[in-house]
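**Student:** prediction below, plus the sequence it came from.
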Amino acid sequence: MDKKEDVYRTVIKPSPEILYKDRKSKFYAAVHPINTEEDVKPIVEELRKKYHTANHVCYAWQLGTDNPVHRANDDGEPNNSAGMPIYGQIQSFDVTNVLITVTRIFGGTKLGVGGLIQAYKTAAQMALESAQIVQKTLKAELHLKFEYPMMDMVMRTIKQKDLDMVSQKMELDCELVVAVRLSESEETFQLFDELHGVNVKMMV
């Protein structure tokens, strides 16, 4: 794996909510960070409470990096006129682990399918433009077990590779968990595996 493959773009906090208007219809859009599919429902329900006069809370989300999963929901708008245009912006901005919601309050004038596609797409785009998109690195965790006399050698390797310490238990038998960049995980595993007396396991 090269270094380009273990980075992804996401948001770490919800974006400011933006308002897009089209012929008196109001579209409130925001980007939310999510870690699991279960994170979606509470956010959508909160928006239904907040905008109790809203006709539709449409959204799209994507999770994962290698084989990402996604969903798009039109929430009563004509088929593929809301969720898919929103999802198109997730692809366009190349972000993952995000949910984009667009809440519509009907203004009395029908926009037609073409008008809806444009409105939901634009609202989602504006929300992503106002979001703080960050680049994150995929990591693997190495579980190390060894006896106390090996401590110096293990710590020297950790320092040399500039690894992040996740947890540590320092007794007669020591256990450490370190995080390593995915693209460097095999090579780092080998380093510890070659240290006599160190038991190493990889968790991705």
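**Tutor:** Received, thanks. Being a predicted model, the structure only gives us computed values, none of them experimental.

**Student:** list phi and psi for the residue of the chain positioned farthest from its centre.
**Tutor:** Distance from the C-alpha centroid of the chain peaks at Pro149, with 40.7 Å (Cα atoms, centre = their mean). As for Pro149, its main-chain torsions (degrees, to the nearest 10) stand at phi -60, psi -20.

**Student:** list the contacts for it?
**Tutor:** Applying Cβ atoms under 8 Å, 6 or more residues apart in numbering, we find Pro149 in contact with no residue. Yep, even glycine has a C-beta here, placed from its N, CA and C like the rest.

**Student:** cool, Met153 as well?
**Tutor:** Listed by Cβ under 8 Å, 6+ apart, the contact set of Met153 reads Leu195.

**Student:** how close does it sit to Val198?
**Tutor:** Note on Met153: its distance to Val198, by Cβ to Cβ, to the nearest Å, is 8 Å.

**Student:** Gln190 too?
**Tutor:** For Gln190, the distance to Val198 (Cβ to Cβ) stands at 12 Å.

**Student:** likewise Leu63?
**Tutor:** In terms of Cβ to Cβ, Leu63 sits 35 Å off from Val198.

**Student:** same question for Asp66.
**Tutor:** Applying Cβ to Cβ to Asp66 and Val198 gives a distance of 29 Å.

**Student:** what residues sit buried inside the lengthiest helix in the chain?
**Tutor:** Ranked by number of residues, the top helix in the chain under DSSP state H is helix 112-130. Using 16 or more other Cβ atoms under 10 Å as the test for burial, helix 112-130 gives 116-117, 119-128.

**Student:** export only the CA atoms of it, formatted as CSV.
**Tutor:** The C-alpha atoms that make up helix 112-130 are tabulated as CSV, following Å, rounded to 0.1, in the frame of the first residue of the first chain:
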residue,chain,number,x,y,z
GLY,A,112,-40.2,20.5,-10.7
VAL,A,113,-37.8,17.6,-10.7
GLY,A,114,-35.1,19.5,-12.5
GLY,A,115,-35.5,22.4,-10.1
LEU,A,116,-35.3,20.1,-7.1
ILE,A,117,-32.2,18.3,-8.3
GLN,A,118,-30.5,21.7,-8.7
ALA,A,119,-31.7,23.0,-5.3
TYR,A,120,-30.6,20.0,-3.3
LYS,A,121,-27.3,19.8,-5.2
THR,A,122,-26.5,23.5,-4.6
ALA,A,123,-27.5,23.4,-0.9
ALA,A,124,-25.3,20.3,-0.3
GLN,A,125,-22.4,22.0,-2.2
MET,A,126,-22.8,25.2,-0.1
ALA,A,127,-22.8,23.2,3.1
LEU,A,128,-19.6,21.3,2.1
GLU,A,129,-17.9,24.6,1.1
SER,A,130,-18.7,26.0,4.6
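
**Student:** helices and strands around it, which ones?
**Tutor:** Applying 3 or more Cβ pairs under 8 Å, 6 or more residues apart in numbering; DSSP states H and E, one finds that helix 112-130 makes contact with strand 18-22, strand 25-33, helix 83-92, strand 98-105.

**Student:** okay, now the unreliable bits of the protein?
**Tutor:** Under the criterion pLDDT under 70, the flagged ranges of the chain are 1-4, 204.
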